[in-house]
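Asker: Okay, here's the prediction I keep looking at, along with the sequence it came from:
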Amino acid sequence: MYDIKNINTDVIIPARYLVSSAPDLLAQHCMEDLDPNFMLKVKEFNYSILVTNSNFGCGSSREQAPISLKTAGIKCVIAPSFARIFFRNAINIGLPILEIEKINLLKSGDDLKIDLTSGLIENLTTNMKIRVKKMPKFIQNIINSNGLINYSRKFLIPKN
Amino acid sequence: MGLTITEKIFREHSKDATLNAGDFVLVRVDKCLANDITAPIAIDVFNEIVSGTSNEVFNPNKIILIPDHFTPNKDIASAKQCQILRNFALKYKIKSYFEVGRGGIEHCLIPELGLVLPGDIFIGADSHTCTYGALGAFATGVGSTDLGVALASGKCWFKIPESLKLIYSGKLNKWVSGKDLILYTIGQIGVDGATYKAMEFTGNVITSLPMADRLTMCNMAIEAGGKSGIIPPDNITKEFLEKRGFSSNKMFLSDLDADYIESIEFECDNLEPQVALPHLPENTKPISEVSNERIELNQVVIGSCTNGRIEDLRIAAKILKNHRIKTNLRCIIIPGTQNIYLKALKEGLIEIFISAGAILSTPTCGPCLGGHMGILADGEVALSTTNRNFKGRMGHIKSEVYLSSPAVAAASAIEGYITSPE
């Protein structure tokens, strides 16, 4: 949990690492300028849900940002709002993201159970349930296809 | 209810006269663009999608590939990324592939060559693709997966954005430019003030604003979270296109009764040149306040997709002529494209820059994103005409970046601290 607004894609994956697009290499440096212990927390302490304040992922369009988070082991990002290119990149690559206003209902170390289909976050530590506003149907369809590549295969590319 | 320019562009492309802001559409794109950072992933996505099908791009004449970020190749890894781009361009006969030495920074090059026209839907795997709204196109940044899908299908999904109308009235003071207008706007509405929205720039200030300034304004729409920036096409747009041998019959304008989510009016008579302080573009202050603080500089950068056009270089040269850059300050000047470089050479600007003690770089995004050609050390401070001043953006995590217009940057390079061109 980082109660910080406007965490930008330069922080999620600094440009100095964009000379490569190998997901594993990117993941090694994910969020390191914000928290040098980020990967330690994910790998050693099994943190798998990232919670931040508003406008997460603003700035550059680099898809390396959600790719590095997903490859690092982040299973879901929760924030009051997302910058739009990050939003669509996350949907497109199948990294689940959820928008909730009151991130203060969650604390670092809380155990969460998340049902993406029904949009229900259960905080098992505090026994609290948060229901998230549903994504529009168009976006649901992309999510249900596990991302845009599969979605496109079904609907976009004309068969020859 | 009337329609905005943006709604009209989407209706025209989808042939669906019922569409409005808020609707989702899968729509054909006129052009799609990628660079040396974003294309390699997009090409992987493309290959994955087309495997077992026709194995062709949707249209080789509608794809633009430009190696500009880590070029000329800064190391072996970035050389490999550029190689992927080049090989793809050759394999699929992409006409608009611009090799190092024949191109430049994508968002300077594309309008210069007339590769974007009013009424187009243009996607680019680069967040500053919104630049082309200056020509009355709907242009927006996307990720590599969106682009990979577009390479194969020529289509992209959108939620048609609601429009935020920004009206600028009054008369601009000397030295106040498009850069100052957009920095001021971001300072007022914040870095998420236009999230998901099309920012429509209007008013008498905009109708008399030169194209270079319009491009700068739309370029930084993303810095307010905007999906796009757009300026109603007019005679200035027409002249810009005609000079390049193009015309357009899709110069859409918003209806008088179009539906905006909000309209904000800025009175510009007393507006000063603006500076964005570290570490967000919304931390703006007028130059008179900033110059009082005597913020000392290690580096000044003049260039980028935001301010690397010939008009920007002319302003910088006008100020730097017969002056010397402050001792121990590095002033790096980066013409946006090879054409701009050549023009600057012919006009004698390059001589002015070198005589002043500045260094000229080949066209590249380079230092803007902390790539190369001017990286900051621990504790160093830069004033830059680029677009982002996030923590660590131009180098060390403990370096600082201030943003301004070329006029403020050039004047500050002479004095050694952030100051007004007055």
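Answerer: Ah, there it is.
Asker: Please name the nearest non-neighbouring residue to B:F158.
Answerer: Leaving aside its chain neighbours, B:F158 sits nearest to B:V25 (5.6 Å; criterion: Cβ to Cβ, 6 or more residues apart in numbering or on different chains). C-beta here means a position set from N, CA and C on the backbone, and glycine is covered the same way.
Asker: interface residues of the stretch 151-300 of chain B facing chain A?
Answerer: Counting by Cβ under 8 Å from any Cβ of the partner chain, the stretch 151-300 of chain B comes close to chain A at B:152-153, B:155, B:157, B:159, B:191-192, B:195-196, B:222, B:225, B:227, B:280.
Asker: The same query, at a cut-off of 10 Å, please.
Answerer: Listed as neighbours of chain A in the stretch 151-300 of chain B under the rule Cβ under 10 Å from any Cβ of the partner chain: B:152-159, B:161, B:190-197, B:222-227, B:279-282.
Asker: Now do the domain split for chain B, please.
Answerer: Per the record, chain B has its domains at B:8-265, B:278-415, by automatic domain parsing.
Asker: tell me the mean pLDDT for the last one?
Answerer: Per-residue confidence for domain B:278-415 averages out to 98 on the pLDDT scale.
Asker: Show me how far it is from its chain's centre.
Answerer: In terms of Cα atoms, centre = their mean, to the nearest Å, the centre of domain B:278-415 is found 16 Å from the chain centre.
Asker: Just the residues of the stretch 151-300 of chain B next to chain A: which are in strands?
Answerer: Using DSSP state E, the subset of those located in strands is B:155-159.
Asker: number of nearby residues for A:S68?
Answerer: Neighbour count for A:S68, taken as other Cβ atoms under 10 Å in any protein chain shown: 24.
Asker: SS state for it?
Answerer: Following DSSP: H, G, I helix; E, B strand; the rest coil, we place A:S68 in the helix state.
Asker: how close does A:T125 sit to chain B?
Answerer: 30 Å (Cβ to the nearest Cβ, to the nearest Å).
Asker: ok, now which ones touch that residue?
Answerer: Residues near A:T125 by Cβ atoms under 10 Å, 6 or more residues apart in numbering or on different chains: A:106-107, A:109-112.
Asker: one more time with 6 Å, if that's ok
Answerer: Contacts here follow Cβ atoms under 6 Å, 6 or more residues apart in numbering or on different chains; on that basis A:T125 touches A:110-111.
Asker: Would you confirm that it belongs to a helix?
Answerer: No: the assignment for A:T125 is coil, going by three-state DSSP, so no helix is present there.
Asker: Need the nearest residue in space to residue 59, chain neighbours excluded.
Answerer: You didn't pick a chain, so chain A it is. For A:G59, ignoring the flanking residues on the chain, the nearest one in space by Cβ to Cβ, 6+ apart is A:N8 at 3.7 Å.
Asker: wait, chain B
Answerer: B:N59's closest residue in space is B:G154 (Cβ to Cβ, 6+ apart), at 6.1 Å.
Asker: go on, B:I414?
Answerer: Using Cβ to Cβ, 6+ apart, the closest residue to B:I414 is B:H323 (4.8 Å).
Asker: Confirm the one you found sits in a strand?
Answerer: No: the assignment for B:H323, made by three-state DSSP, is coil rather than a strand.
Asker: Specify the beta-bridge partners of the residue nearest to A:G59.
Answerer: A:C58 (DSSP bridges).
Asker: ok, it touching A:S60?
Answerer: No: taking contacts as Cβ atoms under 6 Å, A:N8 lies outside contact range of A:S60: 7.5 Å.
Asker: who has more neighbours, these two?
Answerer: Per other Cβ under 10 Å, whichever of A:N8 and A:S60 has more neighbours is A:S60, with 29 against 24.
Asker: What backbone torsions are found at the more buried one?
Answerer: Main-chain torsions, A:S60, degrees, to the nearest 10: phi -60, psi 150.
Asker: One more: A:L98?
Answerer: A:L98 adopts backbone torsions of phi -130, psi 140, taken as degrees, to the nearest 10.
Asker: Tell me, how many residues neighbour it?
Answerer: The number of residues packed near A:L98 is 20, by other Cβ under 10 Å.
Asker: how about it, what does it touch?
Answerer: A:L98 neighbours (Cβ under 6 Å, 6+ apart): A:78, A:132.
Asker: what about the longest helix in chain B?
Answerer: Counting by DSSP state H, the longest helix found in chain B is helix B:76-91.
Asker: tell me which element the residue nearest to the spatial centre of chain A falls in.
Answerer: Nearest to the geometric centre of chain A sits A:V77, at 3.6 Å (Cα atoms, centre = their mean). Here A:V77 sits within strand A:76-79, counting by DSSP states H and E.
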